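In: no sequence on this one, just coordinates:
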């Protein structure tokens with residue numbers, strides 16, 4: 001995960017928390033993978049793979065750009081569950 005953050009966002013991960021694991025099944029196109037999800041506090045980010053990304057930005061949850069990755073909503077739900085539990089501790 002730290003390597004991916006470095007490659008894609010050209011920064012180090014300052015803090016990392018494992019959120020959980022999701023079994024992802026998609027119908028079109030048919031695919032299956034296991035997603036291990038992390039919350040990462042990054043340093044200053046920039047596009048580390050310009051051949052893959054056109055732009056990089058921070059957005060409020062109620063104003064996310066479109067189109068979104070098919071798994072983003074489920075991932076954000078898992079993050080929200082984790083965040084709510086953190087606030088109770």
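Out: It's in. Everything quoted here is computed from the prediction, not taken from an experiment.
In: where exactly do the helices run in this structure?
Out: Shown for the chain, the helices assigned by DSSP state H span residues 2-9, 72-88.
In: Mind telling me which of those helices the model trusts least?
Out: Of all the helices of the chain, helix 72-88 carries the lowest average pLDDT, namely a mean of 88.
In: Residue 33 touches residue 24, doesn't it?
Out: Yes - using Cβ atoms under 8 Å, residue 33 makes contact with residue 24 at a distance of 5.2 Å. Quick note: C-beta positions are derived from backbone N, CA and C, even for glycine.
In: Show me which of those two is the more surrounded one.
Out: Comparing residue 33 with residue 24 by other Cβ atoms under 10 Å, the one with more neighbours is residue 24, at 14 against 10.
In: Contacts only, for that one.
Out: 31-35, 71 (Cβ atoms under 8 Å, 6 or more residues apart in numbering).
In: do the same with residue 16
Out: Counting by Cβ under 8 Å, 6+ apart, residue 16 touches 1-2, 38-41.
In: do residue 44 as well
Out: residue 11.
In: Look up phi and psi at it.
Out: Main-chain dihedrals, residue 44, degrees, to the nearest 10: phi -70, psi 130.
In: Tell me the pLDDT of it.
Out: Note for residue 44: predicted pLDDT of 94.
In: And residue 36, by the same measure?
Out: On pLDDT, residue 36 comes in at 94.
In: Check residue 67 too.
Out: Reported pLDDT for residue 67: 91.
In: Strands of the chain, start to end?
Out: 13-27, 30-42 (DSSP state E).
In: Tell me how far the first one lies from the chain's centre.
Out: Relative to the chain's own centre, strand 13-27 is displaced by 8 Å; criterion: Cα atoms, centre = their mean, to the nearest Å.
In: Which parts of that strand count as buried, going by neighbours?
Out: Neighbour-count burial for strand 13-27 flags 13, 19, 22 (criterion: 16 or more other Cβ atoms under 10 Å).
In: Thanks a lot, see you next time.
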